[in-house]
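Engineer: coordinates for the following, if possible.
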Amino acid sequence: MWSLGITAQEIALGDPPYSKFTAAKVVALILQEAPPQLPPTPWSSEFRNFVESCLVKNPKQRPPIDWLMKHCRGFLDKAKDSEYIRKNLTSKLPPQEQRLVPALQVKGAEFKTKIEAL
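Structural biologist: Below is the predicted model of the structure:
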C-alpha cells in the first residue's frame, strides 16, 4: 500500500519524495517525519485522499485494499485504460534512452567522484 502511494506521488510530481537526498537520509526522513504529502494544487481532493490513504505511516493502521477500493472509488473510477495512457501520456515523453542515459550519467559521475575520493 505504501509503495502504491509513493508511486502515485512520483508519477504526479515527476520525482519520488525526498529524491534529492541520499538513500540513508531518505530512510531517516521516512522513519522520523510525517508521510510525504502532495502540494494542494493542481491535484483533486479525490487523488490527494487516495495518496494519503496509501501513505498511512503505521502499517497496522494502513487501510486494506478492499477499503481503498470502496472509499477511493471516485478517483479510481476516473482511471483510464492503458491504451489511453500510452497514447496521451507516454507518447509525449522523449524516447526511454534519452530519459535514462542522462540520469545514469549523473549517477555514474557521482559514483566515480565518491570512488575517487576513497
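
Engineer: worst-scoring helix or strand of this structure, pLDDT-wise?
Structural biologist: Of all regular secondary-structure elements in the chain, judged by mean pLDDT, DSSP states H and E, the least confident is helix 96-117 with a mean of 56.

Engineer: where does the chain have low pLDDT?
Structural biologist: Along the chain, the parts satisfying pLDDT under 70 run over 88-94, 96-118.

Engineer: Gln9 and Phe50 touch, don't they?
Structural biologist: No. Under the contact definition of CB atoms under 8 Å, Gln9 does not touch Phe50, with a separation of 10.3 Å. Glycine gets a C-beta too; all of them are placed from N, C-alpha and C.

Engineer: buried ones in stretch 39-52?
Structural biologist: Applying a neighbour-count criterion of 16 or more other CB atoms under 10 Å, the buried positions in stretch 39-52 are 43, 47-48, 50-51.

Engineer: wait, Glu46 sits on Phe75?
Structural biologist: Yes. With contact defined as CB under 8 Å, Glu46 and Phe75 form a contacting pair (3.9 Å).

Engineer: what's the neighbour count on Cys54?
Structural biologist: Applying other CB atoms under 10 Å, we find 22 other residues in the vicinity of Cys54.

Engineer: what segments of this structure are helices?
Structural biologist: Using DSSP state H, the helices of the chain run over residues 2-13, 23-32, 45-54, 65-71, 73-76, 82-88, 96-117.

Engineer: got a list of contacts for the third one?
Structural biologist: Residues from elsewhere that reach helix 45-54, judged by CB atoms under 8 Å, 6 or more residues apart in numbering: 1-2, 4-6, 8-9, 12, 35, 37-38, 40, 62-63, 68, 71-72, 74-76, 78.

Engineer: now the fourth one
Structural biologist: The contact list for helix 65-71 (CB under 8 Å, 6+ apart) reads 1, 49-50, 53-54, 63, 76.

Engineer: swap the cut-off to 7 Å and go again
Structural biologist: Outside helix 65-71, the residues within contact range by CB atoms under 7 Å, 6 or more residues apart in numbering are 53, 76.

Engineer: go on, the second one?
Structural biologist: Counting by CB under 7 Å, 6+ apart, the neighbours of helix 23-32 from elsewhere in the structure are 18, 21.
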